[in-house]
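Asks: Task: produce atomic coordinates for the following.
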Amino acid sequence: MNQPVALQNPSHQTAFSLRHSSHSNYSIGSIAIIGLLWGAIYLAGMFAPALLDDADSVHAEAAREMVLRHDWVTLHTDGIRYLEKAPLMYWGVAGSYLLFGVSEWSTRLPLMLGVLGLLFATYALGSQSYGEKGGFYSALVLGTALGPYLFTRFLIPDILVGLWLTLGLYFFLRSLKEETPSLLACWGLAVTCALNVLTKGLIGLVFPVAIIGSYLMLTGNLRHVLRMRLFSSTLIFFAVAAPWHILAALRNPDQGAVRGFLWFYFVNEHFLRYLNKRVPPGYDTVPLLLFWGLLILWLFPWSVFLPQAIREVPWRRRQLPVLTAGQRANLLFMLWALVVVVFFSFSTRQEYYTIPALPGLALLVGGWMAKESSTTADPEDRRRGRISSAILFAIAVLGCIAGLALLVSSHAPAPGTDLAELLKKNPQDYDFSLGHLLDLTPQALGAFRVPLAGAVVSLFVGTGANWFFRKRGSPGRGNLALAVMMIALLACVQSAFVTFSPILSSKQLAVAVQHHYRLGDIIVVDAEYSEASTLNFYTGVPIHVLREPSGNLWYGAKFPDAPHVFETESSLAALWTASGTVFLWTEQEDPKQLHGAPRHVLAHSGGKFILTNHDLKP
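Replies: The predicted structure follows:
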């Protein structure tokens, strides 16, 4: 097999390096467009809707209590130790609360800034690998893809895992190009690994080690590890990652029969959870084929160009020792995505676990798009781009037909109708992050007619324009059409999300409680704590739970200093007949736990009620 021209002749290799370097110069215009794109999609959606029950407000409450307690080591929710999570995201939210106060937008601000940082990091890594245009297209793909947007609508750290991986692999690729890897490259990689460990636990180290190790083994360059200043880099890693773990272990030791932080965090929440033996259970697993398929959906609409991008990856063993800069990047980015997805294929899986793989796929697609849109593009690349655009348009047409059918068959609900009355409950699916979307019925879709119509129009026009421009030999304009389409489409998603949010949030009920709450009153939840955690966040009052200790509060409740927040039917009955006011969150207007005792409906929203033991006058 012939070697690439740049590797046959040293002068050609030098020329290639100079061209590649000149193409890697960053563009102020591209940076500005990426910033505007982020503002139009992510900044615009930061202020609404209300925080959601479950992970969103549980995590926000942990940050709020961090500020309230002045304790930046041990997380608490509802006054109980919350030991299962790494702290970095919570530190960011707590810092935002200190600067801007507690609000919905200040809760989301750190995560949105993380997205902006990820887009710029993707641009830098793509520019380093494929030239400036490749970097721009990579950031464009990631910034307008469906998955990153969906899974930053609530407070989970997975997009930040993608940020640290992107920065870490930027430093790694930089070290490969240096005759002697610099302190910046080596220590930069060590710091990003440490920050990832502080963001999501041990996978913050497992992922980069597996990705880089696989790459170096395949390319026969394991000796590079010895050049990475291992001693000082290891010291830097532990200097950043170790202090919090040490302090958390010291402040949360074994207490009698209760094992402390080290067992619960590392053994239970890492190893046992990976093996689906975590106690207590509570995490369903997405079927494996669906898990892999969702990765394609999360990259929509750009996933249609993924087959061409994957063709650019040097799969043949005889290619590996003589890779160009672009080929090295292609191989590394493909391994990046594979490591993340394969790792979770053998463990418990949620829909969003593939999010850290998306920057790698976006870079692959962005690199191919830069190649397709260059003035010297291979006609075969242009042809494949046209075919993919036609397929995307055909899929969009089918989707638009289905959307129109739903529009025709649906009717706007009567004014004042509670959306919850039009839904079909599927509680067996609620352990999945998007499980509540399965509650939608044709009748309920009538509440979403405007965003559905907007989605149909934007999808048809955007994919049609993309196909038209690519047929005319202008793939750059086609990419722009898809990006504009996604801005409009995600605005429709945001609008629908706001409409659907009362089903997922108890904020309106919390506001009603807060209006009548007096010191000494008690708020009781007839469900798991997480199902009504917005009551805790918005009222700022600890809530009681009509359950045995379980879920988020299960392990922390075992510690001797845990406050009494768990009630039984008998203790609720005693509270209900006492002189103080009890606010009961429930999904039943006449819950059996009250055994027919008098009750008054204070508020009703999203299929949930606040009942009180006394008639509270407005």
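Asks: Which parts of the stretch 351-500 of the chain are strands?
Replies: In chain order, the stretch 351-500 of the chain shows no strands, with DSSP state E, counting those that start in this stretch as the criterion.
Asks: just the strands in the stretch 51-200 of the chain please.
Replies: Counting by DSSP E, counting those that start in this stretch, one finds strands in the stretch 51-200 of the chain at the ranges 76-77, 80-81.
Asks: Quick check: which of those is nearest to Leu546?
Replies: Between Leu546 and the strands of the stretch 51-200 of the chain, the tightest spacing by C-beta to C-beta is seen for strand 80-81, at 15.9 Å. Every C-beta, even on glycine, is put in place using the N, C-alpha and C of the backbone.
Asks: What pairs with that closest one, parallel or antiparallel?
Replies: According to DSSP bridges, strand 80-81 has the following sheet partners: strand 76-77 (antiparallel).
Asks: Run through who's touching the partner strand.
Replies: 58, 61-62, 65-66, 69, 82, 529, 533, 536, 552-553, 556 (C-beta atoms under 8 Å, 6 or more residues apart in numbering).
Asks: same thing with stretch 371-390?
Replies: 130, 133-134, 137, 304-305, 307-308, 312, 368, 463, 466-467, 470-471, 473, 475-476, 478-479.
Asks: measure the closest residue to Ala488 other than its chain neighbours to Leu299 for me?
Replies: What sits nearest to Ala488 in space, not counting adjacent residues and going by C-beta to C-beta, 6 or more residues apart in numbering, is Ser458, at 3.8 Å. Distance of Ser458 to Leu299, given as C-beta to C-beta, to the nearest Å: 18 Å.
Asks: Ok, His59 next?
Replies: Taking C-beta to C-beta, one finds His59 at 26 Å from Leu299.
Asks: now swap in Ser175 and tell me
Replies: For Ser175, the distance to Leu299 equals 28 Å [C-beta to C-beta].
Asks: Give me the more crowded residue out of those two.
Replies: Between Ser175 and Leu299, counted using other C-beta atoms under 10 Å, the more crowded position is Leu299 (26 against 21).
Asks: contacting residues around that one?
Replies: By C-beta under 8 Å, 6+ apart, the residues touching Leu299 are 141, 145-147, 306, 358, 361-362, 365.
Asks: Just give the closest residue to Ala496, not the sequence neighbours.
Replies: Leaving aside its sequence neighbours, Ala496 sits nearest to Pro451 (C-beta to C-beta, 6+ apart; 4.3 Å).
Asks: ranges for the helices of the stretch 1-150 of the chain?
Replies: 5-8, 10-23, 28-38, 55-69, 88-100, 104-130, 132-144, 146-150 (DSSP state H, counting those that start in this stretch).
Asks: Can you tell me the closest non-neighbouring residue to the spatially most central residue of the chain?
Replies: In the chain, the residue lying closest to the centroid (C-alpha atoms, centre = their mean) is Phe151, at 3.8 Å. Once flanking residues are discounted, Phe151 sits nearest to Tyr352: 4.4 Å by C-beta to C-beta, 6+ apart.
Asks: Can you get me a residue count around that neighbour?
Replies: Tyr352 is flanked by 22 other residues according to other C-beta under 10 Å.
Asks: I figured it hits Tyr149, correct?
Replies: No. Applying C-beta atoms under 8 Å, one finds Tyr352 not in contact with Tyr149, separated by 11.7 Å.
Asks: tell me the contacts of Gly366?
Replies: By C-beta under 8 Å, 6+ apart, the contact list for Gly366 reads 122, 126, 130, 134-141.
Asks: Ala491: which of those residues is nearest?
Replies: Proximity of these to Ala491 (C-beta to C-beta) peaks at Leu140, which lies at 17.1 Å.
Asks: May I see the strands of the stretch 51-200 of the chain arranged in TSV, with mean neighbour count as well?
Replies: Output for these, formatted as TSV (neighbours: other C-beta atoms under 10 Å):
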stretch	mean neighbour count
strand 76-77	23
strand 80-81	24
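Asks: Minimum distance to Ile395: which of these has it?
Replies: strand 76-77 (42.3 Å).
Asks: any idea of the mean pLDDT for that closest one?
Replies: Mean per-residue pLDDT for strand 76-77: 96.
Asks: can you check stretch 57-66 too?
Replies: For stretch 57-66, mean pLDDT rounds to 97.
Asks: residues in contact with the nearest residue to Leu222 once chain neighbours are set aside?
Replies: For Leu222, ignoring the flanking residues on the chain, the nearest one in space by C-beta to C-beta, 6+ apart is Leu216 at 4.9 Å. Residues near Leu216 by C-beta under 8 Å, 6+ apart: 222, 224-225.
Asks: re earlier: tell me which of the strands of the stretch 51-200 of the chain approaches Ala574 most closely.
Replies: strand 80-81 (22.4 Å).
Asks: shaky segments in the stretch 1-150 of the chain?
Replies: For the stretch 1-150 of the chain, applying pLDDT under 70 flags the ranges 1-24.
Asks: Kindly recompute the last result at 90.
Replies: The stretch 1-150 of the chain contains residues with pLDDT under 90 at 1-26, 44-45, 54.
Asks: so where's the stretch 401-550 of the chain uncertain?
Replies: For the stretch 401-550 of the chain (pLDDT under 90), the answer is 403, 405-450, 499-504, 547-550.
Asks: Please repeat the previous calculation with a cut-off of 50.
Replies: For the stretch 401-550 of the chain, the stretches with pLDDT under 50 are 428-430, 435-436.
Asks: for it, what spans make up the helices?
Replies: All helices of the stretch 401-550 of the chain, identified by DSSP H, counting those that start in this stretch, fall at 449-471, 475-504, 507-516, 533-539.
Asks: picking up where we left off before, with the contacts of Leu299 in mind, which one is nearest to Phe207?
Replies: Scanning the contacts of Leu299 for proximity to Phe207, where the rule is C-beta to C-beta, the winner is Leu358, at 13.2 Å.
Asks: From what I see, that closest one and Leu163 are in contact.
Replies: No. Leu358 lies out of contact with Leu163 (C-beta under 8 Å); the separation is 11.4 Å.
Asks: Mean neighbour count and distance to Gly45 added to the helices of the stretch 1-150 of the chain, as a markdown table?
Replies: Below are the helices of the stretch 1-150 of the chain laid out as a markdown table (neighbours: other C-beta atoms under 10 Å; distance: least, C-beta to C-beta, whole Å):
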| stretch | mean neighbour count | distance to Gly45 |
| --- | --- | --- |
| helix 5-8 | 14 | 44 |
| helix 10-23 | 13 | 34 |
| helix 28-38 | 15 | 11 |
| helix 55-69 | 23 | 14 |
| helix 88-100 | 19 | 16 |
| helix 104-130 | 23 | 8 |
| helix 132-144 | 28 | 13 |
| helix 146-150 | 22 | 8 |
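Asks: Among those helices, which comes closest to Ala325?
Replies: Short answer: helix 10-23, nearest of the helices of the stretch 1-150 of the chain by C-beta to C-beta, at 5.7 Å.
Asks: if we can go back for a sec, for Ile236, which of the helices of the stretch 1-150 of the chain is the nearest?
Replies: Per C-beta to C-beta, nearest to Ile236 of these: helix 88-100, 16.6 Å.
Asks: what separates the closest one from the chain centre, distance-wise?
Replies: Mean C-alpha position of helix 88-100 versus that of the full chain (C-alpha atoms, centre = their mean, to the nearest Å) differs by 18 Å.
Asks: between it and helix 104-130, what angle do the directions make?
Replies: Helix 88-100 runs at 130 degrees relative to helix 104-130, counting by axes from the mean of the first three to the mean of the last three C-alpha atoms, to 10 degrees.
Asks: residues making contact with helix 88-100?
Replies: Contact with helix 88-100 is made by 59-60, 62-64, 66-67, 72, 75, 106-107, 109-111, 114, 155, 157, 160, 195, 198-199, as judged by C-beta under 8 Å, 6+ apart.
Asks: follow-up on the earlier one: looking at the helices of the stretch 1-150 of the chain, which is closest to Val191?
Replies: Using C-beta to C-beta, these put helix 88-100 closest to Val191, at 12.4 Å.
Asks: what angle do that closest one and helix 55-69 make?
Replies: With the same axes, to 10 degrees defining the directions, helix 88-100 sits at 60 degrees from helix 55-69.
Asks: okay, helix 88-100 in PDB with CA atoms only?
Replies: Taking Å, rounded to 0.1, in the frame of the first residue of the first chain, the C-alpha atoms of helix 88-100 are listed here in PDB:
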ATOM      1  CA  LEU A  88     -18.300  19.800  41.200                       C
ATOM      2  CA  MET A  89     -21.600  20.600  39.600                       C
ATOM      3  CA  TYR A  90     -23.100  21.400  43.000                       C
ATOM      4  CA  TRP A  91     -20.200  23.700  43.800                       C
ATOM      5  CA  GLY A  92     -21.000  25.600  40.600                       C
ATOM      6  CA  VAL A  93     -24.700  25.900  41.400                       C
ATOM      7  CA  ALA A  94     -24.000  26.900  45.000                       C
ATOM      8  CA  GLY A  95     -21.500  29.600  43.700                       C
ATOM      9  CA  SER A  96     -24.200  30.900  41.400                       C
ATOM     10  CA  TYR A  97     -26.600  31.100  44.300                       C
ATOM     11  CA  LEU A  98     -24.100  33.100  46.300                       C
ATOM     12  CA  LEU A  99     -23.600  35.500  43.400                       C
ATOM     13  CA  PHE A 100     -27.100  35.900  42.000                       C
END
